[in-house]
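In: Below is the sequence, then the predicted model.
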Amino acid sequence: MRLLLIFAFLIFVPVLYGQVFVSYSTSSPITGGCTGESSVSWYGQTYSTIIIGTQTWFKENLNVASASSRCYNDLESNCDTYGALYEFWDALGVTPEWSYQTTDLDGTQGICPTGWRIPSQTDFTTLRTYLGGDVAGGKMKSTDSGDWTSGGSGSNSSCFMGKPGGGWNGNTSVYESLHDATHYLTTTIIDNYSGHTTIHSWELNYTSDDFISLAPVYGYMYNGLSIRCIKN
């Protein structure tokens with residue numbers, strides 16, 4: 001069961017049955033050829049970590065229930081496999097009416113644990129560059145050919161373990177791209193688009209070995225995207 005987080009005034013105040021519930025712990029480092037730091041327990045879930053270059057990442061997508069979070073096709077099993085899908089305003093702790101914003105929220109902890117944050121455009125650019133640029137996606141995608149659309153899996157040589165969890169289209173209110181792609185939320189603003197704040201987001205796709213920075217179509221603040229926490 002995922003535990004509900006509620007935001008107030010840019011500060012995460014998790015509430016469980018009327019009581020503030022805080023859980024942050026570490027255990028032994030991961031093994032199996034991947035170099036990681038201690039795992040992190042956060043609101044009922046435990047996340048392995050992975051060191052890639054100078055960065056330390058969660059090895060799986062965040063899966064904590066919040067005001068906007070969704071499981072693909074409303075199935076809890078999809079949250080267990082791919083993590084939850086989050087809207088920008090909720091994950092960062094701003095109001096749903098927050099628009100015409102031009103200031104980046106880079107460095108914001110948001111829904112991630114203490115000592116971690118939601119990645120910025122720069123964080124993902126650094127990751128892509130370290131992994132070789134236009135071949136980075138192939139090194140980040142999981143090897144499970146039964147999960148990705150035919151021919152779309154990767155080598156996972158970076159141990160990032162990117163899985164194709166799809167997303168939620170806030171314009172059409174439709175789930176999209178399960179098994180085809182995954183879309184990662186960032187804290188970095190692009191511009192104001194059709195009266196709404198838009199953000200940078202990044203995609204792993206079954207059709208490409210690249211790791212792609214997307215245009216505003218998947219950066220609309222009401223779209224549901226995956227989150228990978230990065231260590232401060």
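Out: Everything's here; your move.

In: I figured residue 40 hits residue 59, correct?
Out: No. Under the criterion of CB atoms under 8 Å, residue 40 makes no contact with residue 59, lying 10.1 Å away. In short, each C-beta sits where N, CA and C put it, glycine included.

In: bridging residues for residue 184?
Out: Beta-bridge pairing of residue 184 under DSSP bridges involves residue 202, residue 226.

In: From residue 146, how far out is it?
Out: Distance, residue 184 to residue 146, by CB to CB, to the nearest Å: 22 Å.

In: And those two? Which one has more around it.
Out: A direct count of neighbours by other CB atoms under 10 Å for residue 184 and residue 146 places residue 184 higher, at 24 against 7.

In: Distance check, that one against residue 46.
Out: To residue 46, residue 184 is 21 Å away according to CB to CB.

In: Just checking, which helix or strand of the chain averages the lowest pLDDT?
Out: Across the helices and strands of the chain, mean confidence by mean pLDDT, DSSP states H and E is lowest for strand 19-20: a mean of 26.

In: coming back round to it: now do the shared contacts for residue 40 and residue 59.
Out: With contacts taken as CB atoms under 8 Å, 6 or more residues apart in numbering, residue 40 and residue 59 have 47, 49 as neighbours in common.

In: So these two - more neighbours on which side?
Out: Here residue 40 and residue 59 are compared on neighbour count by other CB under 10 Å; more neighbours surround residue 40, at 23 against 17.

In: which residue sits closest to the more buried one in space, ignoring its chain neighbours?
Out: Residue nearest to residue 40 in three dimensions, not counting chain neighbours: residue 47, with 4.9 Å by CB to CB, 6 or more residues apart in numbering.

In: Tell me who's in contact with that neighbour.
Out: So residue 47 contacts 39-41, 58-60, 62, 229 (CB under 8 Å, 6+ apart).

In: mind running it again at 6 Å?
Out: With contact taken as CB atoms under 6 Å, 6 or more residues apart in numbering, residue 47 is in contact with 40, 58, 60.

In: go on, residue 123?
Out: Residues near residue 123 by CB under 6 Å, 6+ apart: residue 230.

In: Is it part of a helix or strand, or is it coil?
Out: Of the three states, residue 123 takes helix according to DSSP: H, G, I helix; E, B strand; the rest coil.

In: Give me the pLDDT for it.
Out: Residue 123 carries a pLDDT value of 97.
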